[in-house]
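Asker: the sequence and its predicted three-dimensional model are supplied below.
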Amino acid sequence: MVRAVRMSETGDPDVMIYEHVVLGAPGPGEVLVRHMACGLNFIDVYFRTGLYPQTLPAGLGMEAAGIVEAVGAGVSVVAVGDRVAYAGRPIGAYSEARIMPADNLVRLPDSISFETAAAMMLQGLTVQYLFHRTFPLQGGETILFHAAAGGVGLIACQWARAIGVTMIGTVGSDEKAVLAKEHGCAHVINYNNENFVQRVREITEGKGVPVVYDSIGKDTFTGSLDCLSPLGMMVSFGNASGPVPPFALNELASRGSLFITRPSLMTYTAKRADLEMMAAHLFAMVESGKIKIDIRQRYPLSEVAQAHRDLEARKTTGSTLLIP
Ligand SMILES: NC(=O)c1ccc[n+]([C@@H]2O[C@H](COP(=O)([O-])OP(=O)(O)OC[C@H]3O[C@@H](n4cnc5c(N)ncnc54)[C@H](OP(=O)(O)O)[C@@H]3O)[C@@H](O)[C@H]2O)c1
């Protein structure tokens with residue numbers, strides 16, 4: 001038996017129950033991972049509330065780091081005793097230990113601690129694909145990135161600086177503005193008291209930006225389109241304020257033949273070779289010191305409901321860990 005967070009209905013944070021579950025043994029292609037730290041991500045809120053549907057009862061959580069304790073038949077990518085981490089499906093990372101498909105795990109270099117790994121796999125791999133695959137940045141661009149002081153955001157600030165990209169970041173408070181700046185965001189806009197479209201136009205001298213990375217969704221969608229230069233790319237990769245309502249395609253034509261994509265990390269890491277390439281890139285960025293994973297909140301896993309409340313209330317900054 002191990003303890004794991006389970007939910008039998010969707011709803012507010014109290015639907016998450018930390019209880020004893022039977023673990024079992026790993027089957028073919030599977031391993032048993034003992035978690036040292038689990039990551040908290042906004043996608044966990046979408047699954048908890050039911051915005052993203054899943055069959056219930058279910059676990060929660062998509063990111064953790066730990067040690068391989070047992071391997072099933074045919075597993076070759078990891079061995080017993082390996083330090084590993086993962087981000088993605090199957091859901092159920094909020095647990096002391098669990099069974100995982102071996103192919104979804106990456107081995108950790110000695111230089112990367114369990115806590116750093118659990119805090120960065122999902123958010124860091126996301127920045128990797130957003131900046132290098134969805135809209136590959138060459139250096140020299142000015143980009144708009146929303147929620148710059150959040151978990152994904154603080155990694156994006158540092159990554160942009162490291163590759164010579166000028167990042168305009170939005171944040172919800174003046175304290176968060178200071179934090180984003182300290183992490184390398186060149187221009188910070190507090191969208192609670194400034195018009196971010198107007199500010200982006202001013203900063204870019206009327207030209208607009210070639211790409212917007214928007215994880216806020218409903219509240220910022222139209223404004224984000226208004227920040228793009230002709231042929232610009234709208235990367236809508238989240239819905240912290242609610243999902244983007246349906247819109248007329250002509251909105252893209254009238255603003256200058258814009259492009260739009262709605263990417264998910266799971267697609268970008270679906271092939272093992274891609275997962276390994278992306279993880280190696282992320283590890284190299286951290287090992288070089290160009291990116292420091294800023295763990296700004298830690299909660300015991302038993303207090304996961306409070307962690308969700310704080311995340312949804314916009315009280316957290318940077319990355320957050322849940323410790324089993
Ligand atoms: N598609 C993908 O592959 C992918 C992968 C990872 C993450 N994501 C998305 O990226 C976003 C960031 O994820 P994260 O885990 O790093 O979270 P986070 O940025 O640490 O937290 C979300 C932030 O969104 C901002 N926000 C704006 N309106 C909000 C509202 N109505 N309610 C709550 N927050 C609001 C808040 O910052 P301010 O107070 O500064 O506004 C809040 O701190 C999420 O939308 C997530 O779903 C997508």
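Answerer: Structure received.
Asker: just how off-centre is the host helix or strand of Met167 within its chain?
Answerer: Using DSSP states H and E, Met167 falls within strand 166-171. Shown here is strand 166-171, whose average C-alpha point lies 17 Å from the average C-alpha point of the whole chain (Cα atoms, centre = their mean, to the nearest Å).
Asker: so which elements touch whichever helix or strand comes after that strand?
Answerer: Beyond strand 166-171 in the direction of the C-terminus, DSSP H and E gives the next helix or strand as helix 174-182. Packed against helix 174-182 by the contact rule (3 or more Cβ pairs under 8 Å, 6 or more residues apart in numbering; DSSP states H and E) you find helix 151-162, strand 166-171, strand 187-190. Backbone N, C-alpha and C define where each C-beta goes, glycine included.
Asker: any chance of TSV for the ones you listed, columns mean neighbour count?
Answerer: Formatted as TSV, the helices and strands packed on helix 174-182 follow (neighbours: other Cβ atoms under 10 Å):
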stretch	mean neighbour count
helix 151-162	26
strand 166-171	26
strand 187-190	21
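Asker: among those, which is nearest Lys271?
Answerer: Comparing those by their distance to Lys271 (Cβ to Cβ), the top pick is helix 151-162, with 22.1 Å.
Asker: Three-state assignment for Leu282, please.
Answerer: Reducing the assignment to helix, strand or coil with DSSP: H, G, I helix; E, B strand; the rest coil, the entry for Leu282 is helix.
Asker: contacting residues for it?
Answerer: For Leu282, the contacting residues are Met120, Met121, Gly124, Leu125, Gln128, taking Cβ atoms under 8 Å, 6 or more residues apart in numbering as the criterion.
Asker: the second one touches Gly66, doesn't it?
Answerer: So that's Met121. No: taking contact to mean Cβ atoms under 8 Å, the distance of 11.8 Å between Met121 and Gly66 leaves them out of contact.
Asker: which residues of the chain lie near the ligand?
Answerer: Those residues of the chain that sit near the ligand, judged by Cβ under 6 Å from any ligand atom, are 41-43, 122-123, 126, 147, 149-153, 171-172, 176, 215-216, 219, 237-241, 263-265, 311-312, 314, 316.
Asker: filter those residues to the buried ones?
Answerer: Burial of the residues of the chain next to the ligand was assessed by neighbour count (16 or more other Cβ atoms under 10 Å); the buried members are 41-43, 122-123, 126, 147, 149-153, 171-172, 176, 215-216, 219, 237-240, 263, 265, 311-312, 314, 316.
Asker: understood, closing this out.
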